[in-house]
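**Q** Build me a model from this:
(one chain, ligands or ions: 1)
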Amino acid sequence: MKIGYVQNAPVFGAKEKNFDEIRILLKDVKADLLVLPELFATGYTFCSKEESRELAEPANGITADFMKEMSIHTGASIVAGFAELDNDKVYNSLIIVSGNKVIDTYRKIHLFNKEKLWFSPGDKPLKVHEIKGVKIGAMICFDWIFPEVARTLALQGMQVLAHPSNLVMPYCQAAMVTRCLENRIFAVTANRIGNEKRGDDDFTFTGASQITATDGKILSSAPVDKSHVSVVEIDVSKADHKMINDYNDVVKDRRMEFYKY
Ligand code: ACM
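**A** Model prediction:
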């Protein structure tokens with residue numbers, strides 16, 4: 001199957017302009033799964049709860065409509081981050097879209113930094129979705145630092161981890177090698193680029209979106225400072241084999257009796 005990412009350079013608050021950048025980036029792209037960054041259409045650096053609420057939308061809003069358009073155009077299922085409004089709460093969420101259909105949303109469970117001021121913490125279970133025969137799991141950005149997230153999804157049979165991100169620290173891309181190796185999964189980390197100086201914050205996003213294989217090999221690595229699209233062909237069945245040599249299985253060899261906390 002063909003999996004890939006879009007690395008974009010969003011302008012804060014300018015959803016239509018940000019959709020247009022991605023329409024151009026995906027003009028000639030065909031794939032099976034495409035991952036877009038966290039909050040790819042709104043930008044990241046909110047200054048107030050009111051601002052996050054103003055830019056948030058329900059799971060059937062204009063961002064979902066745009067993703068359906070891109071899914072139909074590329075032939076790919078699309079996983080992308082958005083600010084989700086549900087009743088009076090705003091979540092840092094992602095939507096999974098396939099063709100004309102919203103499959104599900106996930107709400108980031110580990111909020112980073114001042115996200116704790118603007119968003120409510122995720123309240124939905126980690127879940128794997130089988131889409132066109134492939135088992136896809138998803139997490140958002142800082143969820144990476146909690147190995148339990150990828151492990152929980154891997155134990156549900158996840159083959160490919162979709163990972164929309166807005167990374168500002170330099171550690172994640174290297175850590176994803178370990179996340180993939182310890183679970184024998186593929187991962188697509190879709191990051192953004194650019195700088196946002198708003199309120200007291202001044203964030204530079206690290207780009208270097210990455211596709212990582214079950215053996216830790218980096219199959220694609222984007223530039224740190226340019227919008228970029230990459231699609232690679234993978235043999236997804238490799239994620240079903242948990243042996244790292246003739247003797248070690250990363251799932252069956254776990255010693256649960258020692259893992260008390
Ligand atoms: C992050 O979770 N956006 C760093």
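**Q** Helix or strand for residue 230, just tell me which one.
**A** Assignment of secondary structure by DSSP states H and E places residue 230 within strand 228-233.
**Q** er, residue 68 actually
**A** Taking DSSP H and E as the definition, residue 68 sits inside helix 62-74.
**Q** For that helix, name the packing helices and strands.
**A** In terms of contacts (3 or more Cβ pairs under 8 Å, 6 or more residues apart in numbering; DSSP states H and E), helix 62-74 is packed against helix 15-25, strand 77-86, strand 89-98, strand 101-107. For glycine as for every other residue, the C-beta is placed from the backbone atoms N, C-alpha and C.
**Q** contact partners of that helix?
**A** Contacts of helix 62-74 from elsewhere in the structure, counted by Cβ atoms under 8 Å, 6 or more residues apart in numbering, are 15, 19, 22-23, 26, 29-31, 34, 36, 41, 57, 76-78, 80, 82, 95, 97-102.
**Q** What residues sit buried inside it?
**A** Neighbour counts over helix 62-74 (16 or more other Cβ atoms under 10 Å) mark 63, 64, 66, 67, 68, 69, 70, 71, 74 as buried.
**Q** picking that back up, among the contacts of helix 62-74, name the buried ones.
**A** The neighbour-count test (16+ other Cβ under 10 Å) applied to the contacts of helix 62-74 identifies 15, 19, 22, 26, 29, 31, 34, 36, 41, 57, 76-78, 80, 82, 95, 97-98 as buried.
**Q** shouldn't residue 26 be in contact with residue 36?
**A** No - under the contact definition of Cβ atoms under 8 Å, residue 26 does not touch residue 36, with a separation of 9.5 Å.
**Q** any shared contact partners between these two?
**A** Contact criterion Cβ under 8 Å, 6+ apart; residues bridging residue 26 and residue 36 by contacting each: residue 6.
**Q** which stretches of the stretch 151-261 of the chain have low pLDDT?
**A** Counting by pLDDT under 70, the stretch 151-261 of the chain contains no low-confidence residues.
**Q** residues from it in reach of the ligand?
**A** For the stretch 151-261 of the chain, the contact set with the ligand under Cβ under 6 Å from any ligand atom comprises 166, 167, 168.
**Q** Provide the secondary structure category for the first one.
**A** When states are read from DSSP: H, G, I helix; E, B strand; the rest coil, the local structure at residue 166 comes out as coil.
**Q** That one: what's it in contact with?
**A** Contact partners of residue 166, counting by Cβ under 8 Å, 6+ apart, are 37, 38, 39, 44, 81, 141, 191, 192, 205.
**Q** Helices of the protein, start to end?
**A** Taking DSSP state H as the test, the helices found in the chain are 15-25, 49-55, 62-74, 115-118, 147-155, 172-183.
**Q** circling back to that earlier point, can you check what angle separates the helix holding residue 68 from strand 101-107?
**A** Our comparison of helix 62-74 with strand 101-107, counting by axes from the mean of the first three to the mean of the last three Cα atoms, to 10 degrees, yields an angle of 130 degrees.
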